[in-house]
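Undergrad: Quick one, what's the 3D model for this:
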Amino acid sequence: MSALVLHLLAGLVAGSLFGVQTLVVLALAVSVEAVASLILHGPSAGLVWLLVSQVALQSGYLGGIYLRSVLKRAGIIVAAQSGRQF
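TA: From the prediction side, this is the model:
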C-alpha cells in the first residue's frame with residue numbers, strides 16, 4: 001500500500017514540474033521494480049506490482065498536469081519560455 005502512495009506522489013510531482021520524458025524514465029524505473037518483485041515474490045506478485053504501480057504513477061502524473069494548469073490559470077506560476085530560436 002505504501003508503494004502505491006509513493007508512486008502516486010512521484011507521478012504528481014513529476015506531472016506538476018516536468019515534461020513527459022520524465023514520465024517515461026519513471027515508467028522504466030517502475031518496470032525494473034516489477035522485475036525485481038517478480039524475481040523475489042513470483043510471477044503473480046510481479047504482474048500485480050507492475051499494473052498497480054504503473055496505474056498509480058500515471059494517475060499521479062495526470063493529476064500533476066492538472067495541478068500545473070490550475071496554478072497557471074490562477075496566475076500563481078508563470079509558463080516557462082522556450083529557449084529555442086528558429
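Undergrad: Which of the residues in the helix or strand hosting V25 are classified as buried?
TA: According to DSSP states H and E, V25 maps onto helix 20-41. Within helix 20-41, the residues that count as buried by 16 or more other C-beta atoms under 10 Å are T22, L23, L26, V30, E33, A34, S37, L38. Every C-beta, even on glycine, is put in place using the N, C-alpha and C of the backbone.
Undergrad: Please name every helix or strand in contact with the longest helix along the chain.
TA: Of all the segments of type helix in the chain, defined by DSSP state H, the longest one is helix 43-74. Applying 3 or more C-beta pairs under 8 Å, 6 or more residues apart in numbering; DSSP states H and E, one finds that helix 43-74 makes contact with helix 2-17, helix 20-41.
Undergrad: I'd like the ones you listed as CSV, with distance to W49 and mean pLDDT appended.
TA: Rendered in CSV, the data for the helices and strands packed on helix 43-74 read as follows (distance: least, C-beta to C-beta, whole Å; pLDDT from 0 to 100):
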stretch, distance to W49, mean pLDDT
helix 2-17, 8, 89
helix 20-41, 4, 88
